[in-house]
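Visitor: one predicted model, sequence on top.
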Amino acid sequence: MLCKRCGSEGPGAFNGEIGIHFPGLDGLDQPVVWVFPELAICFHCGFTEFTVPERELSVLSTGKAVEGNGPEQENKERRS
Ligand SMILES: [Zn+2]
């Protein structure tokens with residue numbers, strides 16, 4: 001595999017933990033979106049590539065948290 005930015009060989013694979021914030025002061029009222037992707041990091045130029053999962057993409061595109069599928073909601077459903 002080649003780095004898409006500089007063409008160097010062999011970006012390293014790592015596990016990542018990334019909090020994505022909406023920009024600006026309005027972003028303070030928006031949810032922080034956490035993703036735990038596999039990162040491909042180029043040791044030559046630092047370019048890093050990862051994919052945001054579909055559920056988190058939905059939060060980023062709408063600015064609204066997804067309801068009904070999180071662990072908290074699942075626990076509520078189990079109790080009722
Ligand atoms: Zn590179």
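Guide: Thanks, I have it. Numbers count the residues shown, from 1 in each chain.

Visitor: and the residue nearest to the spatial centre of the chain, what are its bridge partners?
Guide: Nearest residue to the geometric centre of the chain (C-alpha atoms, centre = their mean): residue 35, 3.2 Å. Beta-bridge pairing for residue 35 (DSSP bridges): residue 18.

Visitor: could you pull out the helices for the chain?
Guide: Taking DSSP state H as the test, the helices found in the chain are 54-62, 71-79.

Visitor: mind checking how far the residue nearest to the centre of the chain is from the ion?
Guide: 22 Å (C-beta to the ion, to the nearest Å). For every residue, glycine as well, the C-beta is placed using N, CA and C.

Visitor: ditto for residue 33
Guide: Taken as C-beta to the ion, the spacing of residue 33 relative to the ion amounts to 26 Å.

Visitor: quick one, what contacts that residue?
Guide: By C-beta atoms under 8 Å, 6 or more residues apart in numbering, the contact set of residue 33 is 19, 20, 52, 56, 59, 60.

Visitor: can you select the buried ones from those in ChimeraX?
Guide: The ChimeraX selection below is limited to those of the contacts of residue 33 classed as buried (16 or more other C-beta atoms under 10 Å):
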select :56,59
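
Visitor: what does this structure put close to the ion?
Guide: 3, 5, 6, 8, 42, 44, 45, 47 (C-beta under 5 Å from the ion).

Visitor: out of the contacts of residue 33, who's nearest residue 29?
Guide: Checking these against residue 29 by C-beta to C-beta gives residue 59 as the nearest, at 13.7 Å.
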